[in-house]
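K.L.:
3D, please:
(2 chains)
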2 protein chains.
Amino acid sequence: MASVPTGDAGLARLLDPASIAIVGASDNPDKIGGRPIHYMRRHGYAGTLYPINPQRAEVQGERAWPSLAALPVAPDLAIVAVAGEQAVRAVDDCAALGVAAAIVISAGFSETGEAGRALQDAMTARARAAGMRIVGPNSQGLANFGNGAIASFSTMFLEVAPGDGPVAVISQSGGMCAMVYGLLRQRGIGVRHVHATGNEADVSVAELACATLRDPQVGCVLLYLESLREAEPLADAAALARARGVPLIVVKSGRSEAGARAAASHTGALANEDRAVDAFFEHHGILRARDPQELVRYAELALRAPLPQGPRVVVVSNSGASCVLASDAAAERGLEIAPLADATQQALADRLPGYATTVNPVDITAALLSNNGLFGQVLPVIGSDPAADMFLLDIPVAGRGYDVASFATDAANFARAASKPVAVVAWQDNVAATFRAHGLPVYADEIQAMDALSALLRLRRLRERDGGAPASHGVVAAGPAPEAAGGFLSEAASLALLAGNGLAVIEHAVCHTADEAVAAWRRIGAPVALKACSAQLPHKSEHGLVALGLDDDASLRAAFSHQAQTLGKLGVRDGAWLVARMHRGLHECALGARVDPVLGPVVMIGSGGKYVEALRDVAVLMPPFDAAQVVEKLRGLRIGALLQGVRGDPPADVEALARQAVALGEYARAAGPRLASIDINPVMVGAEGQGAVAVDALVELHPANAREAA
Amino acid sequence: MASVPTGDAGLARLLDPASIAIVGASDNPDKIGGRPIHYMRRHGYAGTLYPINPQRAEVQGERAWPSLAALPVAPDLAIVAVAGEQAVRAVDDCAALGVAAAIVISAGFSETGEAGRALQDAMTARARAAGMRIVGPNSQGLANFGNGAIASFSTMFLEVAPGDGPVAVISQSGGMCAMVYGLLRQRGIGVRHVHATGNEADVSVAELACATLRDPQVGCVLLYLESLREAEPLADAAALARARGVPLIVVKSGRSEAGARAAASHTGALANEDRAVDAFFEHHGILRARDPQELVRYAELALRAPLPQGPRVVVVSNSGASCVLASDAAAERGLEIAPLADATQQALADRLPGYATTVNPVDITAALLSNNGLFGQVLPVIGSDPAADMFLLDIPVAGRGYDVASFATDAANFARAASKPVAVVAWQDNVAATFRAHGLPVYADEIQAMDALSALLRLRRLRERDGGAPASHGVVAAGPAPEAAGGFLSEAASLALLAGNGLAVIEHAVCHTADEAVAAWRRIGAPVALKACSAQLPHKSEHGLVALGLDDDASLRAAFSHQAQTLGKLGVRDGAWLVARMHRGLHECALGARVDPVLGPVVMIGSGGKYVEALRDVAVLMPPFDAAQVVEKLRGLRIGALLQGVRGDPPADVEALARQAVALGEYARAAGPRLASIDINPVMVGAEGQGAVAVDALVELHPANAREAA
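P.N.:
Modelled structure (predicted):
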């Protein structure tokens, strides 16, 4: 886990400026240079505004100033709303004046091509040299409804009325930022921070996430990202969020190849390997949402309810069909429709008519119509049953004759008393609005509700981890020596590297003559494989350089001689031989490691053997992690079912496999960017207590100077 | 495919009655006996109403009648809105009078338990004997807004104003029926039929689906089901829908075990095996939706657009982020973000500013704000590109300064000209409403839109099939002889049964002595397996009764003698031996067949071998099907990737495997309910041209009289 970073004064002043200059200030509140002033006056910004406009003495009722140079003090913040070269000049003037931060709304920079990028880079370098931070350029701006510092020209604040509250929304895309704000406000959720970083010449989404997380009023941070350019600031934000117990929920779009291509067109985003993104988010306790709508649905539950303790959900509905739909939606998301205690069922039977259902899901039926009090009578009964980790109150239809306000009051009281997540499903807008007005999270259908409940359970489980301390395996991993060459290592060197870093590898000997090979076989005392190995031939089996199951002098010598001829034909000079014990385990697994250029090392674990790529039965983890996390991940794989022991097989030594994965993760961390890839296939896993052994391995390193050269 | 059934006069009069009696008619339009009268007067029902009320001369302005017996004619339809025994008496009176059909709204029948079920069964039997159909009991009623025959007491028609149109909604659950109606009307979709069948003592959802499909104005039929009690009526409805080119879209809930349990509590539904349900729907060209909300989203697209011809979607948006989200959503649903032709891109470049994106997805950017005409200029350009099978117009944000009405007009003109599906994404309610008002299907997010587009592509592909005529394999399948005993067949008998029905089975001989076994091995001329086989020992390998790879006289005799001893110890008297050629193919697959008690035979195909259950890599088809359908199904499986040939393997003989599956399907159809199960594992599949061979098989039959006894 990243350590919790300390504050950054520049960013703090960006979000809470004592004074703001607006370069290009307009008297017209519908102009880009006028709208922020309009917003700030309307939302009670208490600091000083300095509209810069050489043509006017007053702008929207505020005293105007002819230039930045004319200002009596250096403002904390400047909004640059002039175009082209004027914008660059304004930024330079701000830097010279000692402004803490400038928000460059103006477009025409890196988003327009190389010339624009050069302009942007130079401007930013000058600003940073002067100690000034830049938001944007091409940014919709920042808005803080906690103090009225609305340095933003988004029209969305006119479309949907602002209301201060616990949420921070931060996005590269201004449009997406505004839209998430709109969706939240439509759900009656208070939003304090709405920040768009635009071209991100300097200040990033993750940095602003950290800054908003230092606002004690912020209780939920929502990000929209199309690329991860740096891992550390986001890891810092995640650590802060975790330390404060604040959910950090992120959309990272560009998940698919098509999406990544579109993201490259949109923000010039570099594609991140999506499984690595998932592993990174999981590692740091960040909840991932598929799209902005899901982001908002998760946020609504996270704001209104504690995180669930477990997967058991109790459903109460006035519709039998909704009970069925809710049960399907729960089961398909790994949630359990928990059985109620006998006493609970009896208490329900005492209150409900005979044709109602007293098992979970509880169907109070249309009897609710003739007795609106039933809802309030049933809730405390199910609330007292320890079977529930969370509740779904599903009132799809409640028209004429239903006292929805009383249901909502009952539900709100119940949720308060329960201290467990309570979600509501309401199909009718007016019913939804009534429940929302009572502070309850409301969903349009059962699938959305169960999605949100299961997502928050996932978040709890991610956060509950002890930080993924790897199981000790008595070896401190060390990366490749600086002088190590780049390229593929031979199998022998690969196995040696792994063995030296705490992985169990197949019993083997490196030989250079047939006599040595025979001696090694005798020492091993069992059938062996003979494999010619060379760094020049990473894929030796393609050349017929593997002979299996040799168990006598003659066969071994014959195979040796045959392989020596082949090596000769292939012109391999560094050839050596590996004599390795034939190992039979119960299952062929595979382990791998890669280093993502942005996110760092990841470890893959899954089904092994010849068809490893085609089977795609693999989980990805970001080190450090512990063996328990590996075991949990394996459960989600098809090989996981086999490893438990089926069709008379004994359970496999999953713990040993997990330890191998942990050790590999430690090595990948130690190796850092020098590591290109490690493929271990197969890892033979034996029965419980019989261990897991790396049988074949291939390590590839980047040249020592590859990073500098790139 | 089921043949298209002919009309049913009783049901036709149910939906288009010339006269309606209301037993228990009330002057109060808010009472159950008053609401249908209120509705029918309000919605212009042109037939005669006969309110039955002994206390009043007039009911809601209509002449009232003291009893059914007092009526001048037998009405086509009677609504029974009185309770308990009165209801039973009224039904009997209706039957005696010669009423064509009665809708029994009254509850207190099978939903209350055994006594209620007996009452219901007896009442129904008397009605059917008299030639009268019954809807319900415990039904919310039927509503036909085409002729104003609103024999329903649903309050939803007060909550959301009715509007006649092309949709029929039919459900067992009255609540779900009303809710789907409400969702459709909120989307501005006209709904003609809203029918709830309640306890389904007689008339079923599927029968009403057939009846509404005979209404030429009906263009989309939506069903909500919790169980399938009979396959044929639904197959009939599907055939009618297909013949008329009308989408039939169905929610079948109770997909999961938890959901099926809830459905049993709700409507006493028997659980259907969900994979068999899927196979049945696919077979009959029925589109399945997960829940009622998805049902309505699919319906909106189906009503507003033709079915897509292929998977290529072109996206146009004013938001770069939406382009990314749409691309992800498309890719994850198997749709393609198709490349645009160079000429198209050039034409877009001529119209759009330099920073816009002219590849697909087309990002026209916020330039749309300064030039609202861009949208209308871009659409014909992309419309003229043959790359598109369908379009997504994604306008998430369009506040101040956007002429949404002109966008909607442009989009509607474009959709008309394109004759391809056009879906719209709008996040803002007012934007959505404007596009809807122009007849365009609108979705709240990209995932919902791509879901709907891919669902309709799936429907097209299901419907495009030639009816699944099986590939001829020169054998007419025949079911088991009536005198065949029930229980497991021996392996020899199982293989013989399959071979007799057109499946390729392993070369083998049945022997009773060691000499015979040796002779068989010599005849085969290759290594063989020796397997003791008996109908008493379906799982022979558990008893060590399988010896593999025998290729000499002595080994064969030794194995024979060992197995004979084991059989003796096990007390098996009908033991025989199978001598079978050792067969090595490229891949181990598995085939199976089951007969679902309601849905009929289904065939399973997938990965085979020891771990067949744990791997769960299996597809299910409903026969008859052809080899092409099997090949398509295999593509969705993990074994499918391997069968194509990876890691240097040649492509496997998928055609031969598919022919085996077709033959198995034919046999399962011929066998009918006598068949319990067939498991063929492995089917060894060789390289292309090398065939697929059933190596081991186990057939289980039900006793000849099992069905009658059950």
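K.L.:
pop the domain breakdown of chain A in here.
P.N.:
Domain segmentation of chain A under the TED database yields A:9-224+A:249-258, A:305-464, A:508-581, A:587-701.
K.L.:
adding mean neighbour count, mean pLDDT and distance to chain B, write these out as CSV.
P.N.:
Where C-beta positions appear, they are placed from N, C-alpha and C, glycine not excepted. Rendered in CSV, the data for those read as follows (neighbours: other CB atoms under 10 Å in any protein chain shown; pLDDT from 0 to 100; distance: least, CB to the nearest CB, whole Å):
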stretch, mean neighbour count, mean pLDDT, distance to chain B
domain A:9-224+A:249-258, 21, 95, 3
domain A:305-464, 21, 94, 3
domain A:508-581, 17, 90, 8
domain A:587-701, 21, 93, 4
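K.L.:
now those domains as JSON lines including distance to B:Asp552?
P.N.:
Listed next are those as JSON lines, based on distance: least, CB to CB, whole Å:
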{"stretch": "domain A:9-224+A:249-258", "distance to B:Asp552": "56"}
{"stretch": "domain A:305-464", "distance to B:Asp552": "55"}
{"stretch": "domain A:508-581", "distance to B:Asp552": "21"}
{"stretch": "domain A:587-701", "distance to B:Asp552": "30"}
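K.L.:
which one of those lies nearest to B:Val73?
P.N.:
Nearest to B:Val73 among the domains of chain A is domain A:305-464 (34.7 Å), distances taken as CB to CB.
K.L.:
so how far is the closest one from its chain's centroid?
P.N.:
Here domain A:305-464 is found 29 Å from its chain centre; the criterion is CA atoms, centre = their mean, to the nearest Å.
K.L.:
start to end distance for that domain?
P.N.:
Using CA to CA, to the nearest Å, the span of domain A:305-464 from its first residue to its last is 17 Å.
K.L.:
center of chain A, which residue is that?
P.N.:
Computing the C-alpha centroid of chain A and ranking residues by CA atoms, centre = their mean puts A:Phe281 first, at 2.7 Å.
K.L.:
ok, now which ones touch A:Gln86?
P.N.:
A:24, A:106 (CB atoms under 8 Å, 6 or more residues apart in numbering or on different chains).
K.L.:
at 10 Å what do you get?
P.N.:
Applying CB atoms under 10 Å, 6 or more residues apart in numbering or on different chains to A:Gln86 gives the contacts A:23-24, A:80, A:106.
K.L.:
same question for A:Ile382.
P.N.:
With contacts defined as CB under 10 Å, 6+ apart, A:Ile382 is in contact with A:314-316, A:340, A:344, A:347-348, A:360, A:362, A:388, A:391, A:393, A:414, A:418.
K.L.:
same question for A:Ile105.
P.N.:
Applying CB under 10 Å, 6+ apart, one finds that A:Ile105 lies in contact with A:22-24, A:32-33, A:35-36, A:79-83, A:87, A:135-141, A:151-153, A:174, A:196, A:198.
K.L.:
8 Å instead, please
P.N.:
When contacts are counted by CB under 8 Å, 6+ apart, A:Ile105 is found next to A:32, A:79-81, A:136-141, A:153.
K.L.:
which pair of the contacts of A:Ile382 spans the longest distance?
P.N.:
A:Ala347 and A:Leu393 (17.7 Å).
K.L.:
A:Ala206 against A:Leu240, yeah?
P.N.:
No. Look at A:Ala206 against A:Leu240 with CB atoms under 8 Å: they stay out of range, at 10.5 Å.
K.L.:
ok so, going back, of the contacts of A:Ile382, which belong to strands?
P.N.:
When DSSP state E defines the strands, the subset of those inside them is A:314-316, A:362, A:391, A:393.
K.L.:
out of the residues you listed, who's nearest A:Asp596?
P.N.:
Out of those, the one with the shortest distance to A:Asp596 is A:Phe391. That distance is 39.9 Å, counting by CB to CB.
K.L.:
with adjacent residues omitted, what lies nearest to the closest one?
P.N.:
By the measure of CB to CB, 6 or more residues apart in numbering or on different chains, the closest residue to A:Phe391 outside its immediate chain neighbours is A:Val422, 4.6 Å from it.
K.L.:
next, the residue of chain A positioned farthest from its centre: phi, psi?
P.N.:
Distance from the centre of chain A peaks at A:Ala554, with 57.1 Å (CA atoms, centre = their mean). Dihedral angles of A:Ala554 (phi, psi; degrees, to the nearest 10) stand at phi -70, psi -50.
K.L.:
quick check: the gap between it and B:Tyr667.
P.N.:
A:Ala554 sits at a distance of 53 Å from B:Tyr667 (criterion: CB to CB, to the nearest Å).
K.L.:
what do you get for A:Val618?
P.N.:
Spatial separation of A:Val618 from B:Tyr667 under the definition CB to CB is 39 Å.
K.L.:
same deal with A:Lys540?
P.N.:
48 Å.
K.L.:
looking at this, A:Met684 is in a strand?
P.N.:
Yes. With the criterion set as DSSP: H, G, I helix; E, B strand; the rest coil, the secondary structure at A:Met684 is a strand.
K.L.:
residue contacts, it?
P.N.:
Taking CB under 8 Å, 6+ apart as the definition of contact, the neighbours of A:Met684 are A:583-589, A:692-693, A:695.
K.L.:
just A:Val218 next, same as before
P.N.:
Applying CB under 8 Å, 6+ apart to A:Val218 gives the contacts A:166-168, A:192-193, A:212, A:246.
K.L.:
tell me the phi and psi of the residue lying closest to A:Asp164 once chain neighbours are set aside?
P.N.:
The spatially closest residue to A:Asp164, leaving aside those adjacent along the chain, is A:Phe145, at 4.5 Å (CB to CB, 6+ apart). With angles defined as degrees, to the nearest 10, A:Phe145 shows backbone torsions of phi -80, psi 0.
K.L.:
also A:Gly113?
P.N.:
Here A:Gly113 shows phi and psi, under degrees, to the nearest 10, equal to phi 130, psi -160.
K.L.:
sorry, back to before: can you tell me which of the contacts of A:Met684 end up in helices?
P.N.:
Secondary-structure check on the contacts of A:Met684 using DSSP state H: no residue lies within helices.
K.L.:
okay if I get these as TSV plus distance to B:Trp521?
P.N.:
Formatted as TSV, those follow (distance: CB to CB, whole Å):
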residue	distance to B:Trp521
A:His583	34
A:Arg584	29
A:Gly585	34
A:Leu586	32
A:His587	34
A:Glu588	33
A:Cys589	39
A:Ala692	41
A:Val693	39
A:Val695	37
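K.L.:
OK, contacts around A:Ile170?
P.N.:
With contact set as CB under 8 Å, 6+ apart, A:Ile170 has these partners: A:177, A:193, A:195-197, A:205, A:208-209, A:212, A:221-224.
K.L.:
what is the burial count for the residue nearest to A:His284 when sequence neighbours are not counted?
P.N.:
Distances taken as CB to CB, 6+ apart put A:Ala238 closest to A:His284, at 3.7 Å, once the chain neighbours are dropped. Counted with other CB atoms under 10 Å in any protein chain shown, residues neighbouring A:Ala238 total 27.
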